[in-house]
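Student: my questions are about this predicted structure, shown below with the sequence.
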Amino acid sequence: MRNLICQSEGCNLPVKEPHFRTGKRADKLYYYKYCQPCLNLKKSYGITAPERDKLLANQEGLCANKGCLKKIYFKGKGFEGDSDNAHTDHNHRTGKIRGILCRNCNMALGMLEDKPQKLTGLFDYLKKEIE
């Protein structure tokens, strides 16, 4: 029996059950090497779940937006709830990871289309009300 634990260094999540392919090679049993979170992160950002978790630990478990500082977590990491409130933020042009944001900050950044001029425009708009 093969190892059904993720092969990413530092990850001990289970992998999907072995399966038979369809078509010409249907007689051969195929095994997954990586868990679903590691597969998704590798495909999207080139990192594994333990590497992502290390990024969050470097942020002390807080949103990377210094104006937010919300405690964030990934599903299955010892927190209650059935969904993540942490999102891997990246530059859409270069693909480079910038940090881990809370859900709200990630959505706001996406709606601003990663354009600093939109953010500064909103800042100026809100600032007028205070003055």
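Tutor: That came through fine. Since we're looking at a predicted model, the values are computed, not measured. Numbering: from 1, shown residues only.

Student: what about the helices in the chain?
Tutor: Using DSSP state H, the helices of the chain run over 36-45, 49-58, 103-111, 116-130.

Student: so which residues make contact with the shortest one?
Tutor: In this case it means helix 103-111. Helix 103-111 has contacts (CB atoms under 8 Å, 6 or more residues apart in numbering) with 63, 64, 65, 68, 70, 84, 85, 86, 87, 89, 101. For glycine as for every other residue, the C-beta is placed from the backbone atoms N, C-alpha and C.

Student: go through those and say which is closest to residue 45.
Tutor: Residue 45 has its nearest neighbour among the contacts of helix 103-111 in residue 89, at 9.9 Å by CB to CB.

Student: what's the helix or strand of the chain with the lowest mean pLDDT packed up against?
Tutor: For the chain, using mean pLDDT, DSSP states H and E, the weakest element among its helices and strands is strand 19-20, scoring a mean of 74. Judged by 3 or more CB pairs under 8 Å, 6 or more residues apart in numbering; DSSP states H and E, strand 19-20 is in contact with strand 29-30.

Student: against which helices or strands is the strand it packs on packed?
Tutor: Taking 3+ CB pairs under 8 Å, 6+ apart as contact, the helices and strands that strand 29-30 lies on are strand 19-20.

Student: tell me the strands beside the strand it packs on, with direction?
Tutor: Strands that pair with strand 19-20, judged by DSSP bridges, come out as strand 29-30 (antiparallel).

Student: pLDDT of the partner strand, averaged?
Tutor: Averaging pLDDT along strand 29-30 yields 76.

Student: kindly reformat the helices of the chain as JSON lines containing mean pLDDT and mean neighbour count.
Tutor: Listed next are those as JSON lines, based on pLDDT from 0 to 100; neighbours: other CB atoms under 10 Å:
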{"stretch": "helix 36-45", "mean pLDDT": "88", "mean neighbour count": "16"}
{"stretch": "helix 49-58", "mean pLDDT": "91", "mean neighbour count": "17"}
{"stretch": "helix 103-111", "mean pLDDT": "92", "mean neighbour count": "15"}
{"stretch": "helix 116-130", "mean pLDDT": "90", "mean neighbour count": "9"}
